[in-house]
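1. what follows is a protein structure lacking sequence information:
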């Protein structure tokens, strides 16, 4: 079959759960003999790269601004796709899925699928107009395609309750991490095995990284944990320069808060496999690939109590109240003081 993916920034993945999802799924479909096409944005995927892991990359222009990047790229990609004879077109996320009605109306022999990753209208980076549009796009995602894939149980259940939509629950999966590099890769940060908390995330407000920094700084100020402990925050911004500046300001002058930037490969494996606990403080998720990777690496997770996180850990981890700095302080203090509990949960 000829299968097209539309809506992601591109592959190979640099950052982003949707991009990681498409990277893995598209490549596996190509391995099974399908002809797979992934539409990519030139600011994410180098223009000279025409194929990757057996997948053909289709470079389509976009208007690179916070509000227009995804939707303009999706529009141009959709127009291009109308003339390519695809058997399946798979839209990623609710924003791009708002345009899935075009091939649904015009291509009677093409199966149109939307994959619902997360309730993007909860993301704090969007204003009222964008959130309203995303709510409308959500309705389209559930009602228009031939099938809708929900990556989390809560997304499937939400669709049934609010739209009477029978979406298919196909949970995200991850490849277990390969050979880990040594912490010597990070000499400038002086990281010690089992002496730092790790979070891996895009630096966007709904991920609540500021809450983690506040809690950790308070623990240090109250001298409830010794000075050797650190937190490592791996990831980059996504049209959120203001929020990134806020995090840098909060960590300025602190040797114990490491803004590590985007990490991948052996360097990311080293961070996962040498951390003490993985912390996911987010206010909104789909089914977090970073959380699944952390658990696959044997890390005990400490997560906010949103349904998507609870569904992912299935009782195999620790939980705090979303956005509650004081509860997070107490949970971190408890975990650092009880290594046997952490080990049993890892």
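-> Cool, the structure landed. Owing to the predicted nature of the structure, the values given are computational and were not obtained by experimental measurement.

2. which parts of the stretch 1-150 of the chain are helices?
-> Under the criterion DSSP state H, counting those that start in this stretch, helices of the stretch 1-150 of the chain are mapped to 17-31, 69-81, 94-97, 101-106, 128-143.

3. the fourth one - contacts with which helices or strands?
-> Which is helix 101-106. Helices and strands touching helix 101-106, as assessed by 3 or more CB pairs under 8 Å, 6 or more residues apart in numbering; DSSP states H and E, comprise helix 69-81. C-beta coordinates here come from the backbone N, C-alpha and C atoms, glycine included.

4. contacts for the helix it packs on?
-> For helix 69-81, contacts defined as CB atoms under 8 Å, 6 or more residues apart in numbering pick out 4, 6-7, 39, 41, 58, 60-63, 89, 91, 93, 95-96, 98-99, 102-103, 239.

5. where does the stretch 101-250 of the chain have low pLDDT?
-> Counting by pLDDT under 70, the stretch 101-250 of the chain shows low-confidence ranges at 178-181.

6. tell me which stretches of it form strands.
-> Ranges of strands within the stretch 101-250 of the chain are 111-116, 147-150, 168-169, 196-200, 230-234, based on DSSP state E, counting those that start in this stretch.

7. who does the fourth one pair up with?
-> This means strand 196-200. Applying DSSP bridges to the sheet, strand 196-200 is found paired with strand 230-234 (parallel), strand 277-280 (parallel).

8. would you mark the buried spots in that strand?
-> 196, 197, 198, 199, 200 (16 or more other CB atoms under 10 Å).

9. name the nearest residue to the last one, sequence neighbours excluded.
-> Nearest residue to residue 200 in three dimensions, chain neighbours excluded: residue 290, at 4.2 Å (CB to CB, 6 or more residues apart in numbering).

10. can you check the second one too?
-> Among residues not flanking residue 197 along the chain, residue 231 sits closest, at 4.6 Å (CB to CB, 6+ apart).

11. same check on the third one?
-> Distance criterion CB to CB, 6+ apart; nearest residue to residue 198, sequence neighbours excluded, is residue 275 at 3.8 Å.

12. wait, the one you found sits on residue 298?
-> No. With contact defined as CB atoms under 8 Å, residue 275 does not count as touching residue 298 (9.9 Å).

13. of those two, which one has the most company?
-> residue 275 (26 against 15; other CB atoms under 10 Å).

14. roughly how far apart are the more buried one and residue 289?
-> Per CB to CB, to the nearest Å, residue 275 is found 17 Å from residue 289.

15. what's the answer for residue 34, then?
-> Taking CB to CB, one finds residue 34 at 22 Å from residue 289.

16. so these two - more neighbours on which side?
-> residue 289 (23 against 17).

17. tell me who's in contact with that one.
-> 17, 20, 21, 172, 174.

18. and these as TSV, adding neighbour count and distance to residue 68?
-> TSV is the format used below for those (neighbours: other CB atoms under 10 Å; distance: CB to CB, whole Å):
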residue	neighbour count	distance to residue 68
17	22	22
20	22	24
21	25	23
172	19	28
174	18	31
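
19. can you redo these as TSV with distance to residue 218?
-> Listed next are these as TSV, based on distance: CB to CB, whole Å:
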residue	distance to residue 218
17	29
20	33
21	35
172	33
174	32
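
20. closest to residue 341 among those residues?
-> Using CB to CB, residue 174 comes nearest to residue 341 of the contacts of residue 289, at 24.7 Å.

21. would you check how far apart residue 331 and residue 233 are?
-> From residue 331 across to residue 233, the span is 18 Å (CB to CB).

22. to clarify, my last question referred to residue 182.
-> Here residue 182 is placed at a distance of 20 Å from residue 233 (CB to CB).

23. so which of these two has more stuff around it?
-> Shown here are residue 182 and residue 233; by other CB under 10 Å, residue 233 has more neighbours (22 against 12).
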